[in-house]
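Undergrad: Using only what follows, build the 3D model:
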Amino acid sequence: MNPANQGSTDAVDSDVGGRVRIFDTTLRDGEQAPGFSMDRRAKLRMAQALEELGVDILEAGFPQASPDDFAAVAEIARTLKTPTIAALARCQAADIDSAGRALEGARHSRIHVFLSTSPLHREHKLGKSKQEVIDIAATAIQRAKALAHEVEFSAEDAMRTEPEYLAEIFSVAVEAGATTLNAPDTVGYVTPNEIFDMFTYLRAHVRGADKVTFSSHCHDDLGMAVANSLAAVAAGARQVECTINGIGERAGNASLEEIVMALHTRRPLFRVDTGIVTRHLFPTSRLLAEVTGQKVPRNKAIVGDNAFAHESGIHQHGMLKHRGTYEIMTPQDVGAKTSLVLGKHSGKHALRQRLSELDYQLDDDTLAVVFDRFKVLADRQRSVTNDDLVALMAAYDDETQTATAVQS
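TA: Numbers count the residues shown, from 1 in each chain. Below is the predicted model of the structure:
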């Protein structure tokens, strides 16, 4: 049963409740995107914020990529206390050994090995047969198992891999010692229905499926990374790989804050929990923007400036009556604030409310006059600030006093 085709709260199969582990790859997949690179100090600041956020697994980097990346992973592994620290490695001995050394100081470590599995990648990237790829994966997992507390195996381009072959290589991965199986949509190609069907198939056909955690890692090339991740959860994935603000290669990764708040807000539908401290989402998002110098888009879901901002008079009136009219979650849930933005679309109710907050109590007749002047001002600028309102009221008071003096 696919939730994408259902509207009721019983859309998710009853056997897939429980806890979804959040695997954050902001410092690895996110950081390697153009414009988002971080130095070692920035990586440690972000890692500490992600620990406070409550991520279960923190992918600290790709140690074999550079000496600085190795040093960053090692420092994060030594410093953090709560999350599992993961390091990425190709299915190559040098990569795996480097990851193992970088993780030596971790309280709980994971080596995350990956290998392409799709026909396109097998032919053009690897030049390997199906069996050769399976053998390489098994050897790598066995090597990694000796160097870390646990091993995750990712089948790169899994969503364009033959389901039968993907189930077979995953079965071998389980036998070799992998405890997490990641089926990524590496190029952001599939739809929620397709990813739901793939995870459903894998859970039914991978040998030892009940002994491992299935993981989803979705890219946003077609704008469906979050939707695909949620579909994977609905199909039984119990780990989701994501990044703060959705940063990552090309169009980015699935957004951590969007996935977490979707699961939180629609809990009756998904019937799962995460360990994320949601009130830290907004500050963590802003910290990432600070250390990378990349602003969060205003219209970004959950953490954008407009996520809890209301300018339309109709919306503002509803919000003043009951927040639930136009907010499906509270801004306090994510560490943000509601903002009734005063602009050309605002109505009298919002203006009266803001003026009241500024200690101006207006009768209906006075409000009507002030509202007309407010509209003229709002047509000249994008938004009207508190200072603008104070100046507007001062000018109105001066005119009123002058008119009263003349009449006297």
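
Undergrad: Now do the helices for the stretch 51-200 of the chain: every range, in order, please.
TA: In the stretch 51-200 of the chain, the segments counted as helices under DSSP state H, counting those that start in this stretch are 67-79, 93-102, 119-121, 130-145, 163-176, 192-205.

Undergrad: Put together JSON lines for the ones you listed, with mean neighbour count on each row.
TA: In this view, the C-beta of every residue, glycine as well, is placed from N, C-alpha and C. Below are those laid out as JSON lines (neighbours: other C-beta atoms under 10 Å):
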{"stretch": "helix 67-79", "mean neighbour count": "20"}
{"stretch": "helix 93-102", "mean neighbour count": "20"}
{"stretch": "helix 119-121", "mean neighbour count": "15"}
{"stretch": "helix 130-145", "mean neighbour count": "19"}
{"stretch": "helix 163-176", "mean neighbour count": "19"}
{"stretch": "helix 192-205", "mean neighbour count": "19"}
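
Undergrad: Give me the neighbour count for the nearest residue to L115 once chain neighbours are set aside.
TA: The shortest distance from L115 to any non-neighbouring residue, by C-beta to C-beta, 6 or more residues apart in numbering, is to C91 (4.5 Å). The tally of other residues near C91 (other C-beta atoms under 10 Å) stands at 21.

Undergrad: C91 contacts I111, doesn't it?
TA: No - between C91 and I111 there is no contact under C-beta atoms under 8 Å: 10.7 Å.

Undergrad: quick one: average confidence on stretch 346-358?
TA: The pLDDT scores in stretch 346-358 average 77.

Undergrad: Could you pull out the buried residues of it?
TA: Judged by neighbour count (16 or more other C-beta atoms under 10 Å), stretch 346-358 contains these buried residues: 346-355.

Undergrad: Mark which of these are part of helices, please.
TA: Those of these mapping onto helices are 348-355, per DSSP state H.

Undergrad: Checking my notes, V240 in a strand, right?
TA: Yes - counting by DSSP: H, G, I helix; E, B strand; the rest coil, V240 is found in a strand.

Undergrad: dump the residue contacts of it.
TA: 20-23, 215-216, 229, 232-233, 254, 259 (C-beta atoms under 8 Å, 6 or more residues apart in numbering).

Undergrad: okay, the residues you listed in a markdown table with neighbour count, pLDDT and secondary structure next?
TA: Converted to a markdown table, these look like this (neighbours: other C-beta atoms under 10 Å; pLDDT from 0 to 100; DSSP: H, G, I helix; E, B strand; the rest coil):
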| residue | neighbour count | pLDDT | secondary structure |
| --- | --- | --- | --- |
| V20 | 27 | 98 | coil |
| R21 | 19 | 98 | strand |
| I22 | 24 | 98 | strand |
| F23 | 28 | 98 | strand |
| S215 | 25 | 98 | strand |
| S216 | 31 | 98 | strand |
| S229 | 29 | 98 | helix |
| A232 | 28 | 98 | helix |
| V233 | 25 | 98 | helix |
| A254 | 28 | 98 | coil |
| I259 | 27 | 98 | helix |
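
Undergrad: what ranges of this structure fall below the confidence cut-off?
TA: Residue ranges of the chain with pLDDT under 70: 1-17, 309-324, 326, 337-342, 401-408.

Undergrad: Where does the record place the domain boundaries for it?
TA: Per the TED database, the domain ranges recorded for the chain read 21-292, 340-407.

Undergrad: out of those, nearest to Q332?
TA: With C-beta to C-beta as the measure, domain 21-292 is the member of those nearest Q332 (6.9 Å).

Undergrad: Any idea how far that closest one is from the middle of the chain?
TA: For domain 21-292, the separation from the chain centroid amounts to 13 Å (computed by C-alpha atoms, centre = their mean, to the nearest Å).

Undergrad: Could you tell me the end-to-end distance of it?
TA: 26 Å (C-alpha to C-alpha, to the nearest Å).

Undergrad: start the count at 42, not 1, going forward
TA: All right, first residue 42 from here; so that's domain 62-333.

Undergrad: quick one: which of the contacts of V281 is nearest E92?
TA: Distance to E92 across the contacts of V281 (C-beta to C-beta) is lowest for I63, with 11.9 Å.

Undergrad: Next one: the closest one from I317, what distance?
TA: Distance, I63 to I317, by C-beta to C-beta, to the nearest Å: 6 Å.

Undergrad: Between these two, which contacts overlap?
TA: 95-96, 297, 301.

Undergrad: farthest pair in those residues?
TA: Farthest pair in those, by C-beta to C-beta: G95 and L297, 10.8 Å.

Undergrad: where do the contact lists of the two overlap?
TA: 63, 317.

Undergrad: higher neighbour count, these two?
TA: L297 (34 against 17).

Undergrad: mind listing what the closest residue in space to that one that isn't next to it in sequence touches?
TA: Distances taken as C-beta to C-beta, 6+ apart place C283 nearest to L297, at 4.1 Å, with adjacent residues excluded. Counting by C-beta under 8 Å, 6+ apart, C283 makes contact with 63-66, 270, 294-297, 300.

Undergrad: Pipe those residues into TSV and attach distance to E193 per row.
TA: Formatted as TSV, those follow (distance: C-beta to C-beta, whole Å):
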residue	distance to E193
I63	14
F64	8
D65	13
T66	11
S270	16
N294	16
A295	17
S296	21
L297	18
I300	18
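
Undergrad: Which one of those is nearest to L243?
TA: Checking the contacts of C283 one by one against L243 (C-beta to C-beta), the nearest turns out to be S270, at 15.3 Å.

Undergrad: can you pull out the strands in the stretch 242-391 of the chain?
TA: With DSSP state E, counting those that start in this stretch as the criterion, the stretch 242-391 of the chain has strands at 254-258, 280-283, 313-314, 350-351, 380-381.

Undergrad: right, and those - which one's nearest Q402?
TA: Nearest to Q402 among these is strand 380-381 (18.0 Å), distances taken as C-beta to C-beta.

Undergrad: wait, which of the contacts of V281 is closest to D405?
TA: I300 (46.9 Å).

Undergrad: Please list all residues in contact with the closest one.
TA: Counting by C-beta under 8 Å, 6+ apart, I300 touches 63, 267, 270-271, 281, 283.
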